[in-house]
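**Q** Kindly return the folded structure for what I paste below:
(one chain, ligands or ions: 3)
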Amino acid sequence: MENTIGLEIIEVVEQAAIASAKWMGKGEKNTADQVAVEAMRERMNKIYMRGRIVIGEGERDDAPMLYIGEEVGICANPDNAISCSPDELMEIDIAVDPCEGTNLVAYGQPGSMAVLAISERGGLFAAPDFYMKKLAAPPAAKGKVDINKSATENLKILSECLGRSIEELVVVVMKRERHNDLIKEIREAGARVQLISDGDVGAALSCGFAGTNIHALMGIGAAPEGVISAAAMRALGGHFQGQLIYDPAVVKTGLIGESKESNLERLSSMGINEPDKVYDAHELASGQTVLFAACGITSGNLMQGVRFFHGGARTQSLVISTQSKTARFVDTIHMFEQPKVVQLH
Ligand SMILES: O=C(COP(=O)(O)O)[C@@H](O)[C@H](O)[C@H](O)[C@H](O)COP(=O)(O)O
Ligand SMILES: [Mn+2]
Ligand SMILES: [Mn+2]
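**A** Ligands and ions are numbered 1, 2, ... in the order given. Next up is the predicted model:
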């Protein structure tokens, strides 16, 4: 799979990031999102593959593009099958977030990215558009920290695994009312908290690499982003656990339906009969081969954002693969037209 589409998926996230970055700082989050979706879809449909969106922009009725169930790629069209090799005809599942951190792009804040994860059919958990309680930590703490434990206990475990005092640990938490107690507990345990307004995929990913000065992600974010984060952490060997949150009272937003009961029904209709199950990275991204790709829109811990110059742009992307066991940073100069200069830095 990596041989067939490895390089092309870099271009998919690059194109989405470039399109979105043109709207950086313009205060128009919907446009920054929409152009990323369009660019991602256009580039995806030029790939010799037979893809299906399993995590995308929502149900078909709400999302005109990259909706859940949408078939993408040249080989998704049976008329093209003759020009596709058996490898390209393999059915693959794709989870996308063309603009992860739309607010960050709209307000020119760091940490937004175009992201996707790919696996063979059935290899990614088709999470509902609910919330997810998440715990991400570095590879050294994999399987040792546990989402069922308190933040205080996990910080002690992290400190032992990483050979640092608790005071030397930094935990990323989304700045939300639902996290007030969690933030208090982390601070009382002695660790430091980095509050983010948006973008918990980037925070989870940062836990996978030493040197980012981020040692854990705790708290509740969106479930689809949880699956994409899990794919990255699965491929990196980091720790990721997620538990669906279906009770609107817990998240304190009206975004996930009116009642816990109706949400439980929806989960059951999707075949999720253990709604409180804690999933680890291998369950959320269970495929034999899992690829994760991201391209910075605005600069973050791991990737620089898109930098435009006359007639071109420079991007930085990251592709992580279970197949080649690589985390590959890709630095690309894009020449849109005849540039006056090809900018090196
Ligand atoms: O910040 C986020 C927004 O993602 P996007 O809509 O693609 O720009 C995500 O990283 C979060 O995981 C998540 O969507 C968020 O926590 C849910 O929103 P909220 O109700 O504001 O917490
Ligand atoms: Mn997102
Ligand atoms: Mn998004």
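**Q** any idea how far the spatially most central residue of the chain is from ligand 3?
**A** By CA atoms, centre = their mean, the chain has its centre lying nearest to I228, at 3.9 Å. Separation of I228 from ligand 3 (CB to the ion, to the nearest Å): 10 Å. C-beta: built from backbone N, CA, C; applies to glycine.
**Q** can you check V12 too?
**A** The separation that V12 has from ligand 3, given CB to the ion, amounts to 15 Å.
**Q** which ones are touching that residue?
**A** Contact criterion CB atoms under 8 Å, 6 or more residues apart in numbering gives M40, R43, M44, I47, A114, L116, A293 as the residues in contact with V12.
**Q** picking up where we left off before, wait, the residue nearest to the centre of the chain touches V201, no?
**A** Yes - with contacts counted by CB atoms under 8 Å, I228 reaches V201, the gap being 5.6 Å.
**Q** Which neighbours do those two have in common?
**A** Shared contacts of I228 and V201, defined by CB under 8 Å, 6+ apart, comprise D97, E100, V115.
**Q** quick one: the lengthiest helix in the chain to chain centroid distance?
**A** Ordering each helix of the chain by length in residues (DSSP state H) puts helix 2-21 first. Relative to its parent chain, helix 2-21 has a centroid offset of 14 Å by CA atoms, centre = their mean, to the nearest Å.
**Q** could you check whether that helix is close to ligand 1?
**A** No - interface with ligand 1: helix 2-21 contributes nothing (CB under 6 Å from any ligand atom), its closest point being 10.2 Å away.
**Q** Buried residues, that helix. List them.
**A** Neighbour-count burial for helix 2-21 flags 2, 4-6, 8-21 (criterion: 16 or more other CB atoms under 10 Å).
**Q** re earlier: of the contacts of V12, which is the nearest to ligand 1?
**A** Compare each of these with ligand 1 using CB to the nearest ligand atom and the shortest gap goes to A114, at 10.2 Å.
**Q** which strands and helices sit next to the strand or helix carrying S119?
**A** In the assignment (DSSP states H and E), S119 maps to strand 113-120. Secondary-structure packing of strand 113-120 (3 or more CB pairs under 8 Å, 6 or more residues apart in numbering; DSSP states H and E): helix 2-21, helix 29-44, strand 91-100, helix 200-207, helix 223-236, strand 290-296.
**Q** And the next helix or strand past the second one?
**A** Taking DSSP H and E as the definition, the helix or strand that follows helix 29-44 towards the C-terminus is strand 50-55.
**Q** Quick one: name whatever helix or strand follows that following strand.
**A** Proceeding N to C from strand 50-55, the next assigned helix or strand is strand 71-72, under DSSP H and E.
**Q** partners of that next one, with directions?
**A** Here the strand partners of strand 71-72, with direction, are listed using DSSP bridges: strand 50-55 (antiparallel).
**Q** For the strand it pairs with, report the contacting residues that lie outside it.
**A** Taking CB under 8 Å, 6+ apart as the criterion, the residues outside strand 50-55 that touch it are 44, 66-73, 75-76, 84, 88-97, 118, 121, 124, 126-127, 224, 227-228.
**Q** what angle separates that strand from helix 223-236?
**A** With axes from the mean of the first three to the mean of the last three CA atoms, to 10 degrees as the basis, strand 50-55 and helix 223-236 are set at 120 degrees to each other.
**Q** ok, strand 50-55 near ligand 2 or not?
**A** No - with CB under 5 Å from the ion as the measure, strand 50-55 is seen stopping short of ligand 2, the closest distance being 10.1 Å.
**Q** In this structure D97 contacts L116, no?
**A** Yes - the criterion here is CB under 8 Å, and D97 meets it with L116 at 7.3 Å.
**Q** What parts of the stretch 101-250 of the chain come near ligand 2?
**A** By the criterion of CB under 5 Å from the ion, the positions of the stretch 101-250 of the chain lying close to ligand 2 are E225.
**Q** Quick one: neighbours of the closest residue to H334 other than its chain neighbours, just the number.
**A** With CB to CB, 6 or more residues apart in numbering as the criterion, H334 has its nearest non-adjacent residue at 4.8 Å, and that residue is A313. Residue neighbour count, defined by other CB atoms under 10 Å, stands at 20 for A313.
**Q** list the contacts for the residue in the stretch 101-250 of the chain positioned nearest to ligand 3?
**A** Shortest the stretch 101-250 of the chain-to-ligand 3 distance, computed as CB to the ion: residue-wise this is T102, at 5.4 Å. If a contact means CB under 8 Å, 6+ apart, then T102 has K29, N30, A32, D33, S112, D198 as its contacts.
**Q** Look up the closest residue to it, ignoring the ones flanking it.
**A** Counting by CB to CB, 6+ apart, K29 is the residue found nearest to T102 once chain neighbours are left out, at 4.1 Å.
**Q** The one you found against L104, yeah?
**A** No - under the criterion of CB under 8 Å, K29 is not in contact with L104, lying 9.1 Å apart.
**Q** Can you give me the distance of D200 to M218?
**A** With distances defined as CB to CB, to the nearest Å, the gap from D200 to M218 amounts to 10 Å.
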